[in-house]
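Asks: next one to model:
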Amino acid sequence: MTRTLFQSAVNATGKIKLMLIKTTISAIAFGSLISLPGYAADSSMTMTATVVASPCTFDTANSLTVIPLGDIFSDQMTGPANRSGDVFFDLSFKDCPAGTTSIVATFSGTDNPETLGGKTFLNVGTAKNVGIQVKPKYGNWDVVSLSNGSTLTTTVNEDKSATFNMVSRMFTPTGGATPGTVKAVVTMSFTYQ
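Replies: Below you'll find the predicted structure:
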């Protein structure tokens, strides 16, 4: 008899728990159907965009992207600010669409920490105490030499072409250049206006 009562008590407890769970689930489900009063406010959206000029075609036939600076003897680069000869090159564009009036070039590369003002790109070759300078064709090296983040702008001609006339050279800010290779990597990104 005790055994039966005990089983009944267990079943009653199980039923109570089951009823409690059912009631809780019903309350949650019913509560999710009831919505509280919403408060609306006037709001606005702002959309912004930019219409940019269409790109020109980079003219690989008339551009030089690997610039051979030649050879120089180390005894010609012994003093501060010694340099090699200038090497001229062009970066040309063609087929610029109507409405594109200028091209802005942004130069990215590692500046040589030995050069005050960052006017020389770091040599990643084996020669020491020497870097590479780049500038537009016209203008003084001390004033217009490029560094990381520098920009140049050129105008699109009536024939839908544009050219950046450039010059480069090896340069030792400190002197004491050692024999070895000289190489700098400079990336250019172009924006069309």
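
Asks: how is this protein divided into domains?
Replies: 1-35, 57-192 (automatic domain parsing).

Asks: any idea which of those domains is most buried?
Replies: Comparing the domains of the chain by mean neighbour count (mean count of other CB atoms under 10 Å), domain 57-192 comes out on top with a mean of 16. All C-beta atoms are positioned from the backbone trio N, CA, C, and that covers glycine.

Asks: if we can go back for a sec, need the domains of the chain in JSON lines with distance to Thr46, can you?
Replies: Output for these, formatted as JSON lines (distance: least, CB to CB, whole Å):
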{"stretch": "domain 1-35", "distance to Thr46": "30"}
{"stretch": "domain 57-192", "distance to Thr46": "25"}
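
Asks: how close does Leu146 get to Arg83?
Replies: 15 Å (CB to CB, to the nearest Å).

Asks: residues contacting Thr174?
Replies: 80, 114, 129 (CB atoms under 8 Å, 6 or more residues apart in numbering).

Asks: which ones are touching the closest residue to Thr115 other than its chain neighbours?
Replies: Closest residue in space to Thr115, ignoring its immediate chain neighbours: Pro173 at 4.4 Å, by CB to CB, 6 or more residues apart in numbering. By CB under 8 Å, 6+ apart, the residues touching Pro173 are 80-81, 112, 114-116, 120, 129, 131.

Asks: tell me the two of the residues you listed that are most distant?
Replies: Using CB to CB, the two most remote members of these are Leu116 and Asn129, lying 14.7 Å apart.

Asks: show me what Phe190 bridges to in the sheet.
Replies: Residues in a beta bridge with Phe190, per DSSP bridges, are Ala105.

Asks: now swap in Phe93 and tell me
Replies: Beta-bridge partners for Phe93, by DSSP bridges, are Phe58, Ala162.

Asks: could you do Arg83 as well?
Replies: Phe171.

Asks: how much space separates it from Lys128?
Replies: As judged by CB to CB, Arg83 and Lys128 stand 16 Å apart.

Asks: any low-confidence regions in the chain?
Replies: Within the chain, the ranges that satisfy pLDDT under 70 run 1-40, 116-117.

Asks: can you map out the helices along it?
Replies: Using DSSP state H, the helices of the chain run over 2-33, 141-144.

Asks: contacts only, for the nearest residue to Ile132 once chain neighbours are set aside.
Replies: Leaving out its chain neighbours, the residue that sits closest to Ile132 by CB to CB, 6+ apart is Ala184, at 4.1 Å. By CB under 8 Å, 6+ apart, Ala184 lies in contact with 109-110, 121-124, 131-132.

Asks: same check, this time on Gly131
Replies: Each residue near Gly131 by CB under 8 Å, 6+ apart is listed here: 112, 114-115, 120-123, 170-173, 182, 184.

Asks: which of those residues fall in strands?
Replies: Under the assignment DSSP state E, the contacts of Gly131 contribute 170-172 to strands.

Asks: fine by me, we can end here.
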